[in-house]
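In: Provided below are the primary sequence and the corresponding predicted coordinates.
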Amino acid sequence: MSSSPRTRPSSGSILAGIVAAVVLVGLAVLLIVNGQAVLRSFFPPDPKTTQGHEIYDLYTIVFVIAAAIFFLVEGLIVWTVLRYRRKPGDDELPPQTHGHNLAEVIWTVVPTIIVFFLFFISWQTLNSVEAHVPKPNLIVRAVAAQFQWSFAYLPEGAASDAKPLFTVSVPVGADGGLTLPAGQTTHLYVSSPDVIHAFYVPQFLFKRDVIPNVNNQFDLTLDASDAGQTFRGQCAELCGIGHRAMLFEVHALAPAEFEAWYQARLTEATASPSPAPSGGAPSGGAAGPTLDLVAQNVAFDKTDLSAPASGPFTIHFDNRDAGVNHDVDVLDGSGKKVFDGKDFPGPAAQDYAVGQLPAGSYKFECSIHPTLMFGTLTVQ
């Protein structure tokens, strides 16, 4: 009885097998060592708002369905390749199937059910995220302008164009940004005086376009457990040359801490009204020689200024950026602020009376746009 000769695997087949084994072993090690990190990479950041949790749950459902379909399809492909691979002696085509009513019904009905299910849960999530509570705990108007954020805190029940109680014009830092009470609902209006911007905080899993002449608004409820945390936000629409500077921070405070912060800001705004929008020196008057400095298109017109060391001097600052706050601060070589000019929106001008400074080299900058607006002040 004769038997068919056994054939030796080709060198290419052996090499392919070794490569496949190495890849599989590598993937297994990666999943064992960093399994949780690898799995987390398929998901968005942990949500920090009530609305973000609903968006995260929707994403998880969609991801599970997509993963199940992927593994089902890939598994059937692998099974088909192995089950119906060509074997020695297979010289003819296997029996062909033309039409299969059950299979056609399954691949038509099942995807239809999945699509309707996804539509339903997406519609539910959208309605929930877009819902507004009748009486929010706080109302804020976020204004995005080239190239800076400001946050106006409005009276209870106010409309989007209401006069603010006070405004935070510095978008980052401990004394700037958007400060909100954790565990309570804030209603935000977003507006723009120039081009399209976007309010985006990655950990909120939410982005809302800020469009000129369009009154966009939404509710936001930070998780109570995140009191004390700070979240970074940004404009997510390319809005011009200074787009990269349009960052802001969201500070979450416990309700009691927020109330103390809010009352302090309210008292400060009542006691110290905003500077006049049309020039005029601070109390004490202008002194010494005057240095002219212009801000336009989020840039200073000069990067070098000179002042005498023999006495005080005045910086006449002309802010020509409409609706955008700028200021002029002077820092010594160690980075310590030796003069702090009050910021104000343009178009407007202001005289800053600067006291006598020791001879040396200083940096002057706009504290709101320090990476875009700075220069060197030489005192000699």
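Out: That came in fine, so what should we check first? No experiment lies behind these values; they were computed from the predicted model shown. Numbers count the residues shown, from 1 in each chain.
In: What are the structural domain limits within this protein?
Out: What automatic domain parsing lists as the domains of the chain is 27-85+100-130, 138-271, 290-379.
In: any chance of those in JSON lines, plus mean pLDDT?
Out: JSON lines is the format used below for the domains of the chain (pLDDT from 0 to 100):
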{"stretch": "domain 27-85+100-130", "mean pLDDT": "87"}
{"stretch": "domain 138-271", "mean pLDDT": "90"}
{"stretch": "domain 290-379", "mean pLDDT": "88"}
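In: Tell me which of the ones you listed lies nearest to residue 93.
Out: domain 27-85+100-130 (11.0 Å; C-beta to C-beta). Quick note: C-beta positions are derived from backbone N, CA and C, even for glycine.
In: Arrange the domains of the chain in CSV, one row each, with mean neighbour count and distance to residue 91 as further columns.
Out: Shown next, in CSV, are the domains of the chain (neighbours: other C-beta atoms under 10 Å; distance: least, C-beta to C-beta, whole Å):
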stretch, mean neighbour count, distance to residue 91
domain 27-85+100-130, 12, 15
domain 138-271, 18, 58
domain 290-379, 17, 73
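In: Quick one: closest of the ones you listed to residue 92.
Out: Taking these one by one with C-beta to C-beta, domain 27-85+100-130 is closest: 13.4 Å.
In: Throw the domains of the chain into CSV and include distance to residue 19, thanks.
Out: Below are those laid out as CSV (distance: least, C-beta to C-beta, whole Å):
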stretch, distance to residue 19
domain 27-85+100-130, 13
domain 138-271, 38
domain 290-379, 48
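In: what bridges to residue 362?
Out: Per DSSP bridges, the residues bridged to residue 362 are residue 377.
In: Enumerate every residue touching it.
Out: 330, 331, 332, 333, 338, 376, 377, 378, 379 (C-beta atoms under 8 Å, 6 or more residues apart in numbering).
In: Could you say which helix or strand holds the nearest residue to the first one once chain neighbours are set aside?
Out: The one in question is residue 330. Take residue 330 and drop its neighbours on the chain: the residue closest to it by C-beta to C-beta, 6 or more residues apart in numbering is residue 339, 3.9 Å away. Taking DSSP states H and E as the criterion, residue 339 maps to strand 337-340.
In: Mind listing the strands that strand pairs with, and their directions?
Out: With DSSP bridges as the test, strand 337-340 pairs up with strand 329-331 (antiparallel).
In: who's in contact with the partner strand?
Out: 337-341, 354, 357, 362-367, 377.
In: before we move on, what about stretch 199-213?
Out: With C-beta under 8 Å, 6+ apart, stretch 199-213 has contacts from 44-49, 51-52, 55-56, 59, 129, 142, 144, 188, 190-198, 216, 218, 220, 231-237, 250.
In: Just the CA trace of it, in PDB.
Out: Below are the C-alpha coordinates for stretch 199-213, written out as PDB (Å, rounded to 0.1, in the frame of the first residue of the first chain):
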ATOM      1  CA  PHE A 199     -15.700  76.000  23.900                       C
ATOM      2  CA  TYR A 200     -13.900  72.700  24.500                       C
ATOM      3  CA  VAL A 201     -12.800  70.900  27.700                       C
ATOM      4  CA  PRO A 202     -11.500  67.400  27.000                       C
ATOM      5  CA  GLN A 203     -12.600  66.000  30.300                       C
ATOM      6  CA  PHE A 204     -16.200  67.300  29.800                       C
ATOM      7  CA  LEU A 205     -16.500  65.200  26.600                       C
ATOM      8  CA  PHE A 206     -18.200  68.200  25.100                       C
ATOM      9  CA  LYS A 207     -17.500  70.900  22.500                       C
ATOM     10  CA  ARG A 208     -19.800  73.800  21.600                       C
ATOM     11  CA  ASP A 209     -19.200  76.200  18.700                       C
ATOM     12  CA  VAL A 210     -19.100  79.900  19.600                       C
ATOM     13  CA  ILE A 211     -20.600  81.600  16.500                       C
ATOM     14  CA  PRO A 212     -21.000  85.400  16.000                       C
ATOM     15  CA  ASN A 213     -24.700  86.500  16.300                       C
END
